[in-house]
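Chemist: Model the structure of this input:
(chains A and B)
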Amino acid sequence: GDSVTQMEGPVTLSEEAFLTINCTYTATGYPSLFWYVQYPGEGLQLLLKATKADDKGSNKGFEATYRKETTSFHLEKGSVQVSDSAVYFCALSDPDTGNQFYFGTGTSLTVIP
Amino acid sequence: DTGVSQNPRHKITKRGQNVTFRCDPISEHNRLYWYRQTLGQGPEFLTYFQNEAQLEKSRLLSDRFSAERPKGSFSTLEIQRTEQGDSAMYLCASSLGDRGQQETQYFGPGTRLLVL
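Modeler: Sure thing, here's the model as predicted:
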């Protein structure tokens, strides 16, 4: 069945460091891929998405490229800020298996000044 | 712009009691989803409505759980005879989409349930 495997955390980085959070997926069809972010005390917010192979999603300096050959959708940011501290969730939606989202377990990021 | 709202935000109850949660989706969204999230895990799908029709239900949704969306707008999730294992964050999401279309889901802040 469909699933998402996400890099385990927690991750602690210094401000302005480079961030990579790995995400790989298994899907029967042609899924859309998403990154959601959950700031402390808040709900899940869409960070970026990609709907087909080789698409790159980007937002707020974050990027992720849909790689069908490696079934991956790794999240990257060139220079993190303290305000990026949050939990990041990779997710997929596969119309061949219904409309639900499949989420990874989340990666907690803490950025220290 | 009004997002997805959920009430209550927190609920503490004793084992065996019934609880009901409400979700108000973004007004023009025809699809509504319920998820459950436990500590350290990602959200897990429970059920999905397209307008007022409940189209999918997870095997996670035991007979004690029931969800409704009577007029295709707000939805309620009821848990009967709560158990300690029901303690979790219950998330609602909504989206606008057609058959076969992959759409973005927008999440509410969640209702945190603690069963004592």
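Chemist: Output the lowest mean pLDDT helix or strand found in the chain.
Modeler: I went with chain A, as the question did not name one. Every helix and strand of chain A was ranked by mean pLDDT, DSSP states H and E. The lowest is strand A:101-103, at a mean of 91.
Chemist: oops, chain B please
Modeler: Going by mean pLDDT, DSSP H and E, chain B bottoms out at strand B:53-57, a mean of 89.
Chemist: How about that strand and chain A, touching?
Modeler: Yes: between strand B:53-57 and chain A, judged by CB under 8 Å from any CB of the partner chain, the touching residues are B:55-56. C-beta here means a position set from N, CA and C on the backbone, and glycine is covered the same way.
Chemist: circling back to that earlier point, any residues touching the following helix or strand past the least confident helix or strand of chain A, and which ones?
Modeler: Toward the C-terminus, strand A:101-103 is succeeded by strand A:107-112 as the next helix or strand (DSSP states H and E). With contact meaning CB atoms under 8 Å, 6 or more residues apart in numbering or on different chains, strand A:107-112 is reached by A:6-15, A:17, A:19, A:21, A:80-89.
Chemist: now strand A:107-112: mean pLDDT?
Modeler: When pLDDT is averaged over strand A:107-112, the result is 96.
Chemist: buried set for that strand?
Modeler: Within strand A:107-112, the residues scored as buried using 16 or more other CB atoms under 10 Å in any protein chain shown are A:107, A:109, A:111.
Chemist: Now render those as TSV, adding distance to residue B:115.
Modeler: Listed next are these as TSV, based on distance: CB to CB, whole Å:
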residue	distance to residue B:115
A:107	28
A:109	31
A:111	35
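Chemist: between those residues, which is closest to chain B?
Modeler: residue A:107 (10.1 Å; CB to the nearest CB).
Chemist: quick one: that closest one from residue B:24, how far?
Modeler: 30 Å (CB to CB, to the nearest Å).
Chemist: Equivalent analysis for residue B:18, please.
Modeler: In this structure, residue B:18 and residue B:24 are 21 Å apart, going by CB to CB.
Chemist: Between these two, point out the one with more neighbours.
Modeler: A count of neighbours by other CB atoms under 10 Å in any protein chain shown puts residue B:24 above the other of residue B:18 and residue B:24, at 18 against 11.
Chemist: what is that one paired to in the beta sheet?
Modeler: residue B:5 (DSSP bridges).
Chemist: Would you state the strands of chain A in chain order?
Modeler: Along chain A, counting by DSSP state E, strands occupy A:3-6, A:11-14, A:19-21, A:23-26, A:32-38, A:44-50, A:56-59, A:62-65, A:75-77, A:86-93, A:101-103, A:107-112.
Chemist: hmm, the fifth one in reach of chain B?
Modeler: Yes: residues of strand A:32-38 are located near chain B by CB under 8 Å from any CB, namely A:32, A:34, A:36.
Chemist: could I get those residues as JSON lines with neighbour count and pLDDT?
Modeler: Shown next, in JSON lines, are these (neighbours: other CB atoms under 10 Å in any protein chain shown; pLDDT from 0 to 100):
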{"residue": "A:32", "neighbour count": "23", "pLDDT": "91"}
{"residue": "A:34", "neighbour count": "27", "pLDDT": "95"}
{"residue": "A:36", "neighbour count": "26", "pLDDT": "96"}
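Chemist: Thanks a lot, catch you later.
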